[in-house]
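>>> Okay, here's the prediction I keep looking at, along with the sequence it came from:
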Amino acid sequence: MKATALGSKLLRQRSLVLLVLSGLVLLTKAPYLQKPYWWSEKAYLDGALAIVANGLNPFVEFWSYKPQLLLWLAALGFELGAGTLWWPRLLIALAAILALFATYELGRLLAGPGTGFLAALVVFAMPPFFVHAESFVEAVPFTATVLWLLLALTWGSDRWTVVFGSLLVLQKEPAVLLVAGLAGVELWFDLRSGLPRGRCLRRQLLLLSPLGVFVLWLALNHLVFGWFLWPHNLSFLAHPTLTGWGLWWIVRRVFVDDYRFLLSGLVVLGLLLPTVRTGILSGRLSARVLVLLLLSVLFHWLQCDERPFGDKDYQPLLRYYLYLLPLLAVYALFALRSVLPSRGLRSLGVVALLALETSAWSPTVVRTNGEDDLNQRHMVQAQRTMAALVELEHPGALIVVDGFTAWNEVLNNPAMGFVTERQRTIVSGEVHRRLRDGDLDELCAEPTILFFVTSWAVPALESDPRPLDLVAQAEKEASLGRATLLHRHREGPELVELYHWLPPCTLPYDSREPGHAP
């Protein structure tokens with residue numbers, strides 16, 4: 001009992017909790033601050049570098065154009081001399097600390113400091129959060145801002161609500177729905193509490209003022225670029241089809257994958273059964289959470305269109321919903337606390353949740369986008385290992401970057417951390433163009449031409465990896481020259497192959513006859 005009381009007392013010390021959560025994040029993310037950039041991060045890095053080149057003026061056009069608060073902070077660090085690789089990742093790590101501490105605060109307000117701390121640990125262990133806490137994309141900063149916005153509303157601080165709401169709409173466009181929805185919740189409870197209509201109106205104008213910040217951003221976009229929202233972003237809403245399949249993908253991404261279905265089941269208990277009994281369901285916090293869930297699913301359901309991903313409809317990325325995962329953890333643990341009668345059973349339930357989340361780090365299927373597991377770390381490390389091998393064993397060689405298209409520019413740009421300024425790279429598409437046009441003089445003048453091939457092989461099929469693009473064609477068409485496998489490096493489920501390629505103009509004539517390509 002004394003140990004339990006001491007632990008509870010320590011968890012009430014917010015500074016100690018913040019220190020522990022900061023240590024968890026920094027110790028696990030520090031080794032990866034210098035990790036090369038993966039392809040989804042490239043759009044953000046391009047935007048930040050463009051802002052630097054534009055004299056810190058944030059109105060620059062870049063892929064996946066969106067409100068530029070995060071990019072401007074990265075650009076400011078670059079301008080002040082921070083490293084291109086580590087500075088943006090450090091920003092994300094700091095946002096992860098703020099998100100975890102906000103999770104603790106929400107759990108503490110709902111069910112006590114112990115529940116808050118355990119909820120923060122569960123979120124930290126979730127593979128999607130763990131991955132994105134070291135990736136330069138908007139998911140974790142957006143998550144942290146949403147949670148602090150909820151805290152400001154819970155504390156009754158309208159001024160801080162305006163601050164966090166404004167920061168939110170400067171990160172991602174759908175934030176306007178969240179701000180408006182939460183303001184609607186406040187209006188409902190203000191009217192029910194008997195607050196005079198004049199005061200309700202004034203408070204609504206204050207809570208909705210972040211939308212004015214967003215409108216100002218739209219107006220500046222129109223002034224600089226001639227459009228309010230980037231046409232690509234609007235294209236997702238051009239032909240919506242509210243299909244059950246699209247809704248299923250959203251539900252699966254948020255509530256089902258990686259054992260989250262267990263958390264989701266507990267959330268139902270946390271939001272309904274215990275709250276009906278204790279009266280918390282009528283409270284504003286639970287109403288805000290329900291509105292966030294509904295608005296989030298509704299918005300991305302509106303984006304479901306008929307453009308296929310393979311044989312499926314639009315599949316939303318989990319990072320669009322990452323801010324919902326801490327809420328799942330908080331209410332799931334609240335449900336455990338409310339339903340399970342003894343402390344021992346509750347502890348067993350928490351350990352089981354942490355174990356399941358940790359086991360989800362070892363994927364049983366190959367996923368390469370880093371949305372559901374840690375595979376993107378394997379992918380980056382495998383590519384970096386091969387790039388370092390080329391620099392060490394084949395200095396001066398021309399590298400042809402092959403593989404899945406989004407990687408081409410990443411592996412071709414020294415700022416991304418894969419190749420150095422001493423290494424010369426071209427993309428495989430350029431080789432194909434020269435082969436097609438008969439322009440091989442520059443390639444034939446190279447003493448050594450090497451190229452990467454990235455193969456994503458399901459572990460059960462390791463004996464039959466899938467070569468891509470240039471190698472596959474070189475094996476089928478002697479006119480493309482000869483490709484010889486030099487190295488094969490595996491990192492987790494990721495496989496990177498390095499080939500030595502001899503263009504056809506460097507081979508004896510008879511080796512270019514049909515049947516002579518290896």
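Sure thing, it's come through.
>>> from here on, contacts and neighbour counts on C-alpha atoms
Noted.
>>> I figured residue 114 was touching residue 106, is that so?
No: with contact defined as Cα atoms under 8 Å, residue 114 does not count as touching residue 106 (11.4 Å).
>>> Looking at these two, which is more packed in?
Between residue 114 and residue 106, residue 106 has the larger neighbour count (other Cα atoms under 10 Å), namely 28 against 19.
>>> Residue 483 - that's part of a helix, no?
No: the assignment for residue 483, made by DSSP: H, G, I helix; E, B strand; the rest coil, is strand rather than a helix.
>>> which residue sits closest to it in space, ignoring its chain neighbours?
Closest residue to residue 483 apart from its sequence neighbours, by Cα to Cα, 6 or more residues apart in numbering: residue 501 at 4.4 Å.
>>> And what about the one you found, helix, strand or coil?
Here residue 501 is strand, with the state taken from three-state DSSP.
>>> Tell me how far it lies from residue 437.
In this structure, residue 501 and residue 437 are separated by 19 Å, where distance is defined by Cα to Cα, to the nearest Å.
>>> Kindly report the same for residue 113.
Between residue 113 and residue 437 the distance is 68 Å, computed by Cα to Cα.
>>> Those two: who's more crowded?
Looking at residue 113 and residue 437 with other Cα under 10 Å, you find the greater number of neighbours at residue 113, namely 24 against 9.
>>> need the helices for the stretch 251-400 of the chain, in chain order.
Counting by DSSP state H, counting those that start in this stretch, the stretch 251-400 of the chain has helices at residues 260-271, 273-278, 284-302, 324-339, 343-359, 375-393.
>>> One more: the stretch 1-150 of the chain?
Secondary structure of the stretch 1-150 of the chain, counting by DSSP H, counting those that start in this stretch: helices at 2-11, 14-29, 39-53, 69-79, 86-111, 113-125, 127-132, 139-155.
>>> out of those, nearest to residue 393?
Taking Cα to Cα as the criterion, residue 393 comes closest to helix 39-53 out of the helices of the stretch 1-150 of the chain, the separation being 26.0 Å.
>>> Pass me the low-pLDDT residue ranges in the stretch 401-518 of the chain, would you?
402-408, 429, 432, 435-436, 438, 455-481, 506-518 (pLDDT under 70).
>>> Then the stretch 1-150 of the chain?
Judged against pLDDT under 70, the low-scoring parts of the stretch 1-150 of the chain cover residues 1-12.
>>> avg pLDDT for stretch 322-337?
Taken as a whole, stretch 322-337 carries a mean pLDDT of 82.
>>> just stretch 212-224 next, same as before
Here the average pLDDT along stretch 212-224 is 91.
>>> Also stretch 199-208?
Mean pLDDT, stretch 199-208: 91.
>>> Can you list the buried residues in it?
200, 203, 204, 207, 208 (16 or more other Cα atoms under 10 Å).
>>> out of those residues, who's nearest residue 24?
For the buried residues of stretch 199-208, the closest approach to residue 24 (Cα to Cα) belongs to residue 207, at 34.5 Å.
>>> so what's the closest one up against?
Residues in contact with residue 207 (Cα atoms under 8 Å, 6 or more residues apart in numbering) are 158, 161, 162, 179, 183.
>>> quick one, what contacts the nearest residue to residue 129 once chain neighbours are set aside?
Distances taken as Cα to Cα, 6+ apart put residue 123 closest to residue 129, at 6.7 Å, once the chain neighbours are dropped. Contacts were defined as Cα under 8 Å, 6+ apart; by that measure residue 123 touches 100, 129, 325, 326, 329.
>>> redo that, cut-off 7 Å
With Cα atoms under 7 Å, 6 or more residues apart in numbering as the criterion, the residues that contact residue 123 are 129, 325, 326, 329.
>>> So the last one sits against residue 121, correct?
No: using Cα atoms under 7 Å, residue 329 makes no contact with residue 121, being 9.1 Å away.
>>> So between those two, which is more surrounded?
When residue 329 and residue 121 are compared for neighbours, residue 329 comes out ahead with 28 against 20, by other Cα under 10 Å.
>>> Not counting sequence-adjacent ones, nearest residue to the more buried one?
Leaving out its chain neighbours, the residue that sits closest to residue 329 by Cα to Cα, 6+ apart is residue 119, at 5.3 Å.
>>> what's around the one you found, how many residues?
Neighbourhood size, residue 119 [other Cα under 10 Å]: 31.
>>> Let me know the helix or strand that the residue nearest to residue 229 when sequence neighbours are not counted is in.
Closest residue to residue 229 apart from its sequence neighbours, by Cα to Cα, 6+ apart: residue 218 at 6.8 Å. Element membership for residue 218 (DSSP states H and E) is helix 209-225.
>>> Tabulate the CA atom coordinates of that helix in CSV.
This file holds the C-alpha atoms of helix 209-225, laid out as CSV (Å, rounded to 0.1, in the frame of the first residue of the first chain):
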residue,chain,number,x,y,z
SER,A,209,-11.7,33.5,-34.6
PRO,A,210,-9.1,30.9,-35.7
LEU,A,211,-11.2,30.5,-38.8
GLY,A,212,-10.4,34.1,-39.6
VAL,A,213,-6.7,33.2,-39.5
PHE,A,214,-7.5,30.5,-42.0
VAL,A,215,-9.4,32.8,-44.2
LEU,A,216,-6.5,35.3,-44.2
TRP,A,217,-4.2,32.4,-45.3
LEU,A,218,-6.6,31.7,-48.1
ALA,A,219,-6.7,35.3,-49.2
LEU,A,220,-2.9,35.5,-49.2
ASN,A,221,-2.8,32.3,-51.3
HIS,A,222,-5.1,33.9,-53.8
LEU,A,223,-3.0,37.1,-53.9
VAL,A,224,0.3,35.2,-54.4
PHE,A,225,-0.8,32.2,-56.5
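>>> ok, residues contacting that helix?
Contacts to helix 209-225, defined as Cα under 7 Å, 6+ apart, come from residues 162, 165, 166, 169, 170, 176, 227, 228, 229.
>>> Can you flag the buried ones in those?
The neighbour-count test (16+ other Cα under 10 Å) applied to those identifies 162, 165, 166, 169, 170, 176, 229 as buried.
>>> and the closest residue to residue 139 other than its chain neighbours, how many neighbours does it have?
Leaving aside its chain neighbours, residue 139 sits nearest to residue 319 (5.3 Å; criterion: Cα to Cα, 6+ apart). For residue 319, the number of neighbouring residues by other Cα under 10 Å comes to 22.
>>> which ones are touching the closest residue to residue 492 other than its chain neighbours?
Leaving aside its sequence neighbours, residue 492 sits nearest to residue 378 (Cα to Cα, 6+ apart; 5.8 Å). Residues in contact with residue 378, defined by Cα under 7 Å, 6+ apart, are 491, 492, 494.
>>> In the record's domain split, what are the boundaries for the protein?
When the chain is parsed into structural domains using automatic domain parsing, the resulting residue ranges are 2-359, 375-512.
>>> out of the contacts of residue 123, who's nearest residue 90?
residue 129 (15.1 Å).
>>> What number of residues are in the vicinity of the closest one?
With other Cα under 10 Å as criterion, residue 129 counts 26.
>>> measure it to residue 337 for me?
Going from residue 129 to residue 337 by Cα to Cα gives 24 Å.
>>> wait, doesn't residue 34 sit right on residue 85?
Yes: the criterion here is Cα under 7 Å, and residue 34 meets it with residue 85 at 5.4 Å.
>>> higher neighbour count, these two?
In terms of neighbours (other Cα under 10 Å), residue 85 is the more surrounded of residue 34 and residue 85; the figures are 20 against 17.
>>> With that, I have no additional questions.
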